[in-house]
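Engineer: Next come a sequence and a model predicted from it.
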Amino acid sequence: MTWNLSPARLFAASALLPVMVIDRPEQAVPIARALLAGGLSVFEVTLRTPAALSAIAAIRAALPEAYVGAGTVLNPRQYDAAVAAGAQFVISPGLTSALLQHALTGPAPLIPGVATPSEVMQALDLGYDHLKFFPAEANGGAAALKAISAPLAQVRFCPTGGIGPANLAEYLALPCVATVGGSWMLPADEVAAGDWAAVTALTTEAVARVTALRA
Ligand SMILES: O=C(O)C(=O)C[C@H](O)[C@H](O)COP(=O)(O)O
């Protein structure tokens, strides 16, 4: 692999991975600063909006201490665009063999998404052992992930999708879970209103919850 950052190091860098959907480019850095003020410094910017690539570049430039990655990367073309914008890691909701093969030759680690044992095995065949379990809650939640990981104990997961303060502990209790993704610290209304204090408060609360669970 040609990656500049190992997935193990990425997963170890933060037990929480905030998922950002950026509609307005000028909000990218303020959102990232609000998360940073709450104690998070690893961010996933989803390529769901036209502002995403410029947001990644802007956050990288403004906050060199953060790790900034791209989410919702579906194909090699988007992987390359994310890397060109400065993404230090790349996350996908799923996997294709084209994306898995392509990312092995690039500089940024890919965290592919999986929902079944067969998909985990497909990823493992190419050397991917740090995966996203998506959509976590809709797939059966922590109980499903526990069962899937039992025969696949070498894999570390970042469950994402439907996770929040109420169910965070169930996932972090699993040995196969290194970090948990989610957007609950970035509620759409607060972000639209530019209420960065609210984002920081939710982030601080989430970080405190993780710290207590991991103590
Ligand atoms: O965009 C992607 O690539 C995704 O995989 C989806 C996101 O990770 C989830 O939408 C976050 O889930 P929530 O915390 O339930 O909002």
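Structural biologist: It's in.
Engineer: before we move on, which element is I148 in?
Structural biologist: Following DSSP states H and E, one finds I148 within helix 141-149.
Engineer: for that helix, which positions count as buried?
Structural biologist: Buried residues in helix 141-149, defined by neighbour count with 16 or more other CB atoms under 10 Å: G141, A142, A144, L145, K146, I148, S149. Where you see a C-beta, it was placed from the backbone N, CA and C, and this is true even at glycine.
Engineer: Go through those residues and name the one nearest A85.
Structural biologist: Closest approach to A85 among the buried residues of helix 141-149 (CB to CB): L145, at 30.9 Å.
Engineer: Distance check, the closest residue to that closest one other than its chain neighbours against W184.
Structural biologist: In space, and not counting its chain neighbours, L145 is closest to F133: 5.2 Å by CB to CB, 6 or more residues apart in numbering. In this view, F133 and W184 are 17 Å apart by CB to CB, to the nearest Å.
Engineer: In this structure, where's the longest helix?
Structural biologist: helix 196-214 (DSSP state H).
Engineer: quick one on the thing from earlier: F133 and W184: which is more packed in?
Structural biologist: The residue with more neighbours, out of F133 and W184, is F133; 30 against 18, by other CB atoms under 10 Å.
Engineer: Show me what counts as buried in the helix or strand hosting E119.
Structural biologist: If you go by DSSP H and E, E119 is part of helix 117-125. For helix 117-125, a neighbour-count test (16+ other CB under 10 Å) marks E119, V120, Q122, A123 as buried.
Engineer: List the contacts of it.
Structural biologist: When contacts are defined by CB atoms under 8 Å, 6 or more residues apart in numbering, helix 117-125 is touched by residues 94-95, 97, 100, 112, 114, 129, 131, 148, 151-152, 154-155.
Engineer: Out of the residues you listed, which two sit at the greatest distance?
Structural biologist: S97 and P151 (22.4 Å).
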